[in-house]
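Participant: Build the 3D model from these lines:
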Amino acid sequence: MNHPIYLDYAATTPTAPEVALAMAECLTLEGEFANPASLQHNFGERAYNLVEKARADIANFFNCKTNDLVFTSGATEANNLAIKGLALSLQNKRKHIITSATEHKAVIDTCKYLETLGFNVTYLKPDNNGLIELDTLLAAITEDTFLVSLMHVNNETGVIQNIEEIAQAIQHKHQTHPDNKIYFHVDAAQSVGKLNIDLSQTAIDLLSISGHKCYGPKGIGCLYIRNRKQQRLMPLMQGGGQEFGLRPGTLPTHQIVGMGTAIKLASDSLHKDNQHTQHLAYLLTTKLKQLGGVYFNGHQHQKLATIINISFDNVGSDSLLIRLRDQIAIANGSACNTGTIEASHVLRAMGIEGDRLYGAIRISIGRYTTEQDIQRTGEIICKEVLTLRQLALED
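Facilitator: Got it, this is the predicted structure:
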């Protein structure tokens, strides 16, 4: 009997075996289980050294300073700390934020919360391919603007924003005095381990990452803060001096070690992984195109191969997902919207409406997806789409 196929890597990736092994060695009495803040004894010092090695591995991947990385529970918390922390520290000076209408809810809902506190937020509309036009972004900047927050890779379409060009343009726009600085925050949850981000060469001030999107554990992430010692984010919690006073709480050594291991693995296999997923995406899209009445949503060149957002004529996503449920794990949007019945805010912001909007599904592939998985997926989806189209004709 064929096993179900997992194609929801954009929601979460399986933990790499090497990562699970490294984590297990930090959990029991025989391993490095101690509190890394307990530097009064050797147990705590060894745990502390593992945490700092992981921090160094992550810093090496991004080519940044180790002390500019603050561990969090994930990208959602990192986004909150970056946006709220900066906003609350500058609220008596400037109150305008620019983001996009296609951001993850972790950014959009954070911005909406700040609106209740008197902040002004501009939600930029992308073009029909999901790209933010640079001229539109620059035109939205005012003397009151202190932050631009944009995601690197969209979690529903895989579309890649040109963050290097955007960062440079923002830097040149309004950076003559520290009091007038416009900060640039990037949500890189979906791009880590799939794209190179050199923070020594890109004018990004704040960057959020997550462990479980790159074959690490859930419940761990971090926030990069350029020149952290010179910046002042307001902490969102109080209770301890951990993470430079920005994120109190006992550090989860096993999760931090897991994320550090995952990112080091991703660095070593980035080119191989990208070649693998590009090949599989080509095979699957070629097969699905044979159905006719197929629409690929989002820019088809400036995107990650790992995410395929697709709509089929005369097929609703809910009906298709029900028929695929026991065969293939895919989604019809962000996992963070599970339980909601509203259509994708990402596709709607791109101007996609009607059957194409309500029929969209997201297929996301990864390191452990095989060519056999893709061949079976193509066959199964084609069969179920044709069945649903026939049922629609009979109604």
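Participant: Now do the helices in the stretch 51-200 of the chain.
Facilitator: Under the criterion DSSP state H, counting those that start in this stretch, the stretch 51-200 of the chain contains helices at 75-90, 105-115, 134-140, 163-173.
Participant: May I see the buried residues of the second one?
Facilitator: So that's helix 105-115. Residues 105-108, 110-111, 114 are the ones in helix 105-115 that count as buried (16 or more other Cβ atoms under 10 Å). Every residue, glycine included, has its C-beta placed from N, CA and C.
Participant: Would you mind listing the outside residues contacting it?
Facilitator: Residues outside helix 105-115 that contact it (Cβ atoms under 8 Å, 6 or more residues apart in numbering) are 75-76, 79-80, 83-84, 87, 97, 99, 101, 119, 121, 123, 149, 151, 187, 334, 336-337, 345.
Participant: What's the ChimeraX syntax to select whichever of these are buried?
Facilitator: In ChimeraX syntax, the buried subset of the contacts of helix 105-115 is picked out as below (16+ other Cβ under 10 Å):
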select :75,76,79,80,83,84,87,97,99,101,119,121,123,149,151,187,334,337,345
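Participant: Could you tell me the least trusted of the helices of the stretch 51-200 of the chain?
Facilitator: Mean pLDDT across these is lowest at helix 163-173; the value there is a mean of 90.
Participant: Which neighbouring elements make contact with it?
Facilitator: helix 134-140, strand 145-151, strand 183-187 (3 or more Cβ pairs under 8 Å, 6 or more residues apart in numbering; DSSP states H and E).
Participant: can you do 6 Å?
Facilitator: If you count contacts as 3 or more Cβ pairs under 6 Å, 6 or more residues apart in numbering; DSSP states H and E, helix 163-173 packs onto strand 183-187.
Participant: Partner strands of the strand it packs on, with direction?
Facilitator: Here strand 183-187 is paired, per DSSP bridges, with strand 145-151 (parallel), strand 206-210 (parallel).
Participant: pLDDT averaged over the last one, what's the number?
Facilitator: Spelled out, that is strand 206-210. For strand 206-210, mean pLDDT rounds to 97.
Participant: so how far is the next helix or strand after it off the chain centroid?
Facilitator: Counting by DSSP states H and E, the element after strand 206-210 in chain order, helix or strand, is strand 221-225. Relative to its parent chain, strand 221-225 has a centroid offset of 13 Å by Cα atoms, centre = their mean, to the nearest Å.
Participant: What of stretch 54-63?
Facilitator: 18 Å.
Participant: swap in stretch 148-161?
Facilitator: Put simply, stretch 148-161 sits 8 Å off its chain's centre (Cα atoms, centre = their mean).
Participant: per-residue confidence for the spatially closest residue to A56 that is not a sequence neighbour?
Facilitator: What sits nearest to A56 in space, not counting adjacent residues and going by Cβ to Cβ, 6 or more residues apart in numbering, is T66, at 5.2 Å. You'll see T66 listed with a pLDDT of 96.
Participant: Tell me how far T66 lies from H299.
Facilitator: Look at T66 and H299: by Cβ to Cβ, to the nearest Å, they are 35 Å apart.
Participant: more neighbours, those two?
Facilitator: More crowded of T66 and H299, by other Cβ atoms under 10 Å: H299, with 19 against 14.
Participant: Give me the neighbour count for the residue lying closest to that one once chain neighbours are set aside.
Facilitator: Ranked by Cβ to Cβ, 6+ apart and with sequence neighbours excluded, the top spatial neighbour of H299 is N129, at 3.8 Å. By other Cβ under 10 Å, 16 other residues sit near N129.
Participant: low-confidence ranges in the stretch 101-250 of the chain?
Facilitator: Applying pLDDT under 70 to the stretch 101-250 of the chain flags residues 174-179.
Participant: what mean pLDDT does stretch 351-368 have?
Facilitator: pLDDT averaged over stretch 351-368 gives 96.
Participant: center of this structure, which residue is that?
Facilitator: By Cα atoms, centre = their mean, the chain has its centre lying nearest to A189, at 2.3 Å.
Participant: Surely that residue is in contact with K213?
Facilitator: Yes: contact status for A189 versus K213: in contact at 5.3 Å, counting by Cβ atoms under 6 Å.
Participant: domains in this structure, as residue ranges please.
Facilitator: 5-13+270-394, 17-264 (automatic domain parsing).
Participant: Which stretch among those domains is buried most, on average?
Facilitator: Most buried of those by mean neighbour count (mean count of other Cβ atoms under 10 Å) is domain 17-264; its value is a mean of 19.
Participant: Before I go, just wanted to say thanks for your time.
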